[in-house]
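Asker: Give the three-dimensional model of this entry:
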Amino acid sequence: MRPPADLPQLPAAVLWDMDGTLVDSEPYWMAEEEAIVADAGGVWRHEDALELVGNDLLVSARIILERSPVTGTPEEVVERLLAGVVARMSAEMPWRPGAQELLSALVDQGVPCALVTMSWKPLADVLLDRLPPDTFAAVVTGDQVRLGKPHPEPYLEAARRLDVDPARCVAVEDSPTGAASATGAGVPTVVVPHIVEVPEMPGVVQLPTLAGVDPHGLAAAARSVQV
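Answerer: Model (predicted):
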């Protein structure tokens with residue numbers, strides 16, 4: 001059934017970032033970064049933490065190793081950070097305003113959704129366990145791609161798994177890194193800035209919040225941009 005003439009066509013799929021977009025987990029990551037550096041006798045500044053927002057986790061781990069007394073391999077650093085964030089998010093799921101409601105409304109209207117996150121599968125599983133089965137038709141995590149955000153591979157992989165044209169999808173992001181990944185894949189992108197500011201970017205429209213945004217409102221926002 002076609003929507004009424006005054007409503008925009010819904011996207012072929014919506015591709016969701018997780019940290020900072022669906023859930024307010026960035027403070028959890030920052031707390032674990034500070035803790036791991038402090039345990040090694042170093043100091044992790046807020047400015048350092050902001051640079052890691054939206055990054056591939058192995059990239060973030062390498063930055064921590066370069067700037068602090070922390071030792072080990074990047075993979076070992078990621079595992080230590082991940083364990084702490086998994087524990088925190090298992091104890092309390094900090095949903096971002098309007099995100100869970102919009103996700104549920106999209107699923108109810110038959111719009112396929114994919115999770116496209118640089119967090120690894122153990123953390124994505126914590127989120128998935130809190131949602132109805134089959135909420136996400138595809139899940140792409142940072143440990144499943146060769147090149148993470150800001151490279152377009154994660155979003156291209158999500159579109160491939162859903163068998164949809166990236167240009168007919170909408171990505172929902174919160175960071176410049178994530179927005180660059182989505183637009184690089186040719187996906188019109190709606191950004192709700194949170195922890196870090198997002199400059200004006202081609203192919204991106206910014207919203208102050210997802211609270212009160214329904215599927216047609218999301219489609220209308222995305223329709224205003226060209227990738």
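
Asker: What's the first helix or strand after the lowest-mean-pLDDT helix or strand in the chain?
Answerer: Ranking every helix and strand in the chain by mean pLDDT, DSSP states H and E puts helix 46-52 at the bottom, with a mean of 91. Per DSSP states H and E, the first helix or strand lying C-terminal to helix 46-52 is helix 57-67.

Asker: Pull out the buried residues from that following helix.
Answerer: By neighbour count with 16 or more other C-beta atoms under 10 Å, helix 57-67 contains the buried residues 57, 58, 59, 60, 61, 62, 63, 64, 65. To be clear about C-beta, it is placed using only N, CA and C from the backbone, and glycine gets the same treatment.

Asker: for stretch 201-213, same thing?
Answerer: Counting neighbours by 16+ other C-beta under 10 Å, one finds that the buried residues in stretch 201-213 are 201, 203, 204, 205, 206, 207, 210, 213.

Asker: Least confident of those?
Answerer: The lowest pLDDT within the buried residues of stretch 201-213 belongs to residue 201, with 92.

Asker: For it, which residues are in contact?
Answerer: Residue 201 sits next to 176, 179, 180, 183 when contact means C-beta atoms under 8 Å, 6 or more residues apart in numbering.

Asker: And the first one, how far from residue 163?
Answerer: Residue 176 sits 29 Å away from residue 163, going by C-beta to C-beta, to the nearest Å.

Asker: Who has more neighbours out of these two?
Answerer: Taking other C-beta atoms under 10 Å, residue 176 and residue 163 do not tie; residue 176 has more neighbours (20 against 11).

Asker: Could you give the backbone dihedrals for the more buried one?
Answerer: For residue 176, the backbone dihedrals (degrees, to the nearest 10) come out as phi -60, psi -40.
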